[in-house]
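Q: Here's a sequence, model it:
(2 chains)
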Number of protein chains: 2
Amino acid sequence: MSKFIDIHTGMKGIDKKRLTDVHKQDTSIESSEGVKFLHVWADPTSGKVFCLSEAPNKDAVLRVHKKSGHATDEIYEVPLEIE
Amino acid sequence: MSKFIDIHTGMKGIDKKRLTDVHKQDTSIESSEGVKFLHVWADPTSGKVFCLSEAPNKDAVLRVHKKSGHATDEIYEVPLEIE
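A: Next up, the predicted model:
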């Protein structure tokens, strides 16, 4: 398992309720791909959403997002981190 | 205080030691701008580094990075988050 950050665009004006709804669409099916979403951050001004996940590989994360209706192709494996 | 994610590029091949050194350069001066770096993730393959911080505003974060020698102009305020 590795950690990944993926980035979505086009979410300008997103609010907490919408982010929660969108996130639930992902978490409700994440186990089908062995993915666990750990954290999500959103910027309503730029419309960017950042998802931190733990998964077997990039494609597993991208498949979850695609199945749940908000596909992205921007994802990075982040094996290094400092708390 | 708000939360921010800023993104650096050009760090291909970065390892844990280099990331730790770079991060220390930021944290050693963060208080001068009222910034607190909370977490850093790095992808040695693409060379992207993501910093999560808490700060009074975007410019304060960017000034810390500039002073410590690794300026970026890509930063997002992320007032929404889900753990």
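Q: and the residue nearest to the spatial centre of chain A, what element?
A: Closest to where the C-alpha atoms of chain A average out (CA atoms, centre = their mean) is residue A:51, at 3.4 Å. Using DSSP states H and E, residue A:51 sits in strand A:48-55.
Q: Model confidence for the residue nearest to the centre of chain A, exactly?
A: On pLDDT, residue A:51 comes in at 98.
Q: next one: residue A:78
A: So, for residue A:78, pLDDT stands at 98.
Q: what does residue A:35 give?
A: 98.
Q: In contact with it, which residues?
A: Neighbouring residues of residue A:35 by CB atoms under 8 Å, 6 or more residues apart in numbering or on different chains: A:53, A:54, A:55, A:56, A:60, A:61, A:64. The C-beta positions use only the backbone N, C-alpha and C, and glycine is treated the same way.
Q: returning to what we had before: you'd agree the residue nearest to the centre of chain A is up against residue A:19?
A: No: checked against CB atoms under 8 Å, the pair residue A:51 and residue A:19 is beyond contact range at 10.6 Å.
Q: max-length helix in chain A?
A: Assignment by DSSP state H gives helix A:16-27 as the longest helix of chain A.
Q: Need the CA coordinates for stretch A:46-58. CSV is fine.
A: What follows is stretch A:46-58, C-alpha atoms only, in CSV (Å, rounded to 0.1, in the frame of the first residue of the first chain):
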residue,chain,number,x,y,z
SER,A,46,-10.2,28.0,-7.4
GLY,A,47,-12.4,24.9,-7.5
LYS,A,48,-9.5,22.6,-6.6
VAL,A,49,-10.1,19.5,-4.5
PHE,A,50,-7.2,17.4,-3.1
CYS,A,51,-7.7,13.8,-1.9
LEU,A,52,-5.1,11.9,0.2
SER,A,53,-5.5,8.2,0.0
GLU,A,54,-3.9,4.9,0.7
ALA,A,55,-4.1,2.4,-2.1
PRO,A,56,-2.4,-0.5,-3.9
ASN,A,57,-1.6,1.7,-6.9
LYS,A,58,-2.6,4.9,-8.8
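Q: Show me what the residue nearest to the centre of chain A bridges to in the sheet.
A: Note on residue A:51: beta-bridge partners by DSSP bridges are residue A:6, residue A:40.
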